[in-house]
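Peer 1: Sequence and computational prediction follow.
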2 protein chains.
Amino acid sequence: MIGVLGGMGPLATLDFFQKVLLSTPVVTELDHVPLLIQSDPRLPSRPDAILAGGPSPLPDLMRARDRLIASGATALAMPCNTAHYWYDDLAKDCPVPFLSILDACMDELPLVCAPGAKVGLLGTRATLATHLFDNRLVAQGYVPVLPSEEVLSQLVLPAIAGVKAGHTAEVAPLLERAVDILLSQGASAVILACTEIPVALDALASPLRQHCIDSTGALARQCVAWWGRPGA
Amino acid sequence: MIGVLGGMGPLATLDFFQKVLLSTPVVTELDHVPLLIQSDPRLPSRPDAILAGGPSPLPDLMRARDRLIASGATALAMPCNTAHYWYDDLAKDCPVPFLSILDACMDELPLVCAPGAKVGLLGTRATLATHLFDNRLVAQGYVPVLPSEEVLSQLVLPAIAGVKAGHTAEVAPLLERAVDILLSQGASAVILACTEIPVALDALASPLRQHCIDSTGALARQCVAWWGRPGA
């Protein structure tokens, strides 16, 4: 059973659950990946902790991690990019594999563009401030293209807040514009490094999605592959 | 946190999760109901246990129930009508409230038709064999209208199997015909007493849904109301 640290936000966790189910080749329902999904939005704000010295969500995440393992989880996943700031702490001494959303994205990136290419990055201000993704892109030979302050504050952040408030389809055009701007700046692909972003772009069935690495979908596919690996 | 005994089947559990989120009035994501969802399809077959003397899923359900409570669930729900055959065993001595899908349906029925009315019932052969729903309808003054053997075996059961195998939209017309037949037999409403059925009818955006009591949606709304009750 794969344990899921979710609720950051709940709609993104629902999207992750759906993508796990739709990514699984099934003949009968018995072929589906067993999941234990915590969707608890009551964690301390990840952006506040990273950007403003607010209380850390790490103690709650550790408790949730350990409860999921005690309940039978044999691997873990966390469909929230910002929370991966605490990934090393969560994975350290973890008695089961903790599948990383960064690894999942980086594994899919070569399917869209080769090292040397420019790769756009959309995420929360907190995720961008951690440099988790752009450092990793540079390490693997890609050239990160970050959103300007204007794109971030006028398009990306209001859209993420809109999804979290349930206004999914309404805010999707903001994200289409943000993706389009990064592509026009030479990006060959754009990593949707916030799990709220694909929720909105999927709702609009945006054609720009073909240029995007969907962090939620990538992690879901990673989970399905892990569960279906030989010897599992 | 509400614990969810799911995976019977996984797509129905996803539908339940979505209906909880969409039924919740939210300003921010913090307003969402905290959930701990087990989606594990590996339970012994409920129909086999009820109809053919197969192994009972009750021991596994009890273990899952107790794990969810140990992990912090302060109420439980199980989005599977057939599994409510074991509801009394699961609710007995349960230290937290166990919200019943039958109660949820019966609470919504008067919004569609008054006692005295004929009410159609669609579900698995096992759910119909338990008489859980028709006995309850009679007790509350309604007249049950059951599907004929032909409707059950030609339309309802193939459609349920189709959803479980992931062919959701394809099988929806079978269910539309089944609902239509019960309505033509004088039913004022039809209870969709199998959580696979609304998955298919929703995929088709069927206009017949307005005559239906959606057991998944009813249980989801019960959960949202329970979480939002005064003093919660």
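Peer 2: Here it is on my side, so go on. What you are looking at is a predicted structure, and each value in this text was computed from that prediction instead of being measured.

Peer 1: Please make it C-alpha for all contacts and neighbour counts, starting now.
Peer 2: Noted.

Peer 1: pretty sure residue A:156 is touching residue A:123, no?
Peer 2: Yes: the pair residue A:156 / residue A:123 is scored as a contact, 7.3 Å apart, by Cα atoms under 8 Å.

Peer 1: and the two? which has more neighbours close in?
Peer 2: Using other Cα atoms under 10 Å in any protein chain shown as the criterion, residue A:156 and residue A:123 rank with residue A:156 on top: 28 against 24.

Peer 1: and the closest residue to that one other than its chain neighbours, how many neighbours?
Peer 2: Of all residues not flanking residue A:156 in the chain, residue A:175 sits nearest, at 6.1 Å (Cα to Cα, 6 or more residues apart in numbering or on different chains). If you count neighbours by other Cα under 10 Å, residue A:175 ends up with 26.

Peer 1: which residues does residue A:175 contact?
Peer 2: Residues in contact with residue A:175 (Cα atoms under 8 Å, 6 or more residues apart in numbering or on different chains) are A:155-156, A:159, A:197, A:200-201.

Peer 1: Now with 7 Å, please.
Peer 2: A:155-156, A:159 (Cα atoms under 7 Å, 6 or more residues apart in numbering or on different chains).

Peer 1: Dump these to a markdown table, plus secondary structure.
Peer 2: Shown next, in a markdown table, are these (DSSP: H, G, I helix; E, B strand; the rest coil):
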| residue | secondary structure |
| --- | --- |
| A:155 | helix |
| A:156 | helix |
| A:159 | helix |
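
Peer 1: can you tell me which of these lies nearest to residue A:147?
Peer 2: residue A:156 (8.8 Å; Cα to Cα).

Peer 1: Which pLDDT value belongs to that closest one?
Peer 2: pLDDT, residue A:156: 98.

Peer 1: Same check on residue A:232?
Peer 2: Model confidence at residue A:232 (pLDDT) stands at 61.

Peer 1: Quick one: neighbours of residue A:131, just the number.
Peer 2: Residues lying near residue A:131 (other Cα under 10 Å) number 12.

Peer 1: how far away is it from residue A:146?
Peer 2: Residue A:131 is 10 Å from residue A:146, where distance means Cα to Cα, to the nearest Å.

Peer 1: Need the overlap of contacts for these two.
Peer 2: Contacts common to residue A:131 and residue A:146, judged by Cα under 7 Å, 6+ apart, are absent.

Peer 1: What residues sit buried inside the longest helix seen in chain A?
Peer 2: As assigned by DSSP state H, the longest helix anywhere in chain A is helix A:168-184. For helix A:168-184, the neighbour count (16 or more other Cα atoms under 10 Å in any protein chain shown) marks A:168-169, A:171-176, A:178-179, A:181-183 as buried.

Peer 1: now swap in stretch A:184-202 and tell me
Peer 2: A:187-201.

Peer 1: Out of these, which sit inside strands?
Peer 2: Applying DSSP state E to these, the entries found in strands are A:189-192.

Peer 1: now those residues in JSON lines, with pLDDT?
Peer 2: What follows is those, written out as JSON lines (pLDDT from 0 to 100):
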{"residue": "A:189", "pLDDT": "98"}
{"residue": "A:190", "pLDDT": "98"}
{"residue": "A:191", "pLDDT": "98"}
{"residue": "A:192", "pLDDT": "98"}
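
Peer 1: Make JSON lines out of the residues you listed and add distance to chain B.
Peer 2: As requested, those are exported to JSON lines (distance: Cα to the nearest Cα, whole Å):
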{"residue": "A:189", "distance to chain B": "29"}
{"residue": "A:190", "distance to chain B": "26"}
{"residue": "A:191", "distance to chain B": "23"}
{"residue": "A:192", "distance to chain B": "20"}
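
Peer 1: Tabulate the residues you listed (a markdown table), appending distance to residue B:39.
Peer 2: Shown next, in a markdown table, are these (distance: Cα to Cα, whole Å):
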| residue | distance to residue B:39 |
| --- | --- |
| A:189 | 34 |
| A:190 | 32 |
| A:191 | 29 |
| A:192 | 27 |
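
Peer 1: ok, those vs residue A:43, which is closest?
Peer 2: Once Cα to Cα is applied, the member of these that ends up nearest residue A:43 is residue A:192, at 22.4 Å.

Peer 1: Contact partners for that closest one?
Peer 2: By Cα under 7 Å, 6+ apart, the contact set of residue A:192 is A:121-123, A:198, A:212-215.

Peer 1: Residue A:39 bridge partners, please.
Peer 2: In this structure, residue A:39 bridges to residue A:6, residue B:35 when assessed by DSSP bridges.

Peer 1: Quick check, it in contact with residue B:33.
Peer 2: No: look at residue A:39 against residue B:33 with Cα atoms under 7 Å: they stay out of range, at 8.3 Å.

Peer 1: Against which helices or strands is the helix or strand containing residue A:18 packed?
Peer 2: When elements are assigned from DSSP states H and E, residue A:18 belongs to helix A:10-22. On a contact count with 3 or more Cα pairs under 7 Å, 6 or more residues apart in numbering or on different chains; DSSP states H and E, helix A:10-22 meets helix A:196-203, helix A:215-227, helix B:10-22.
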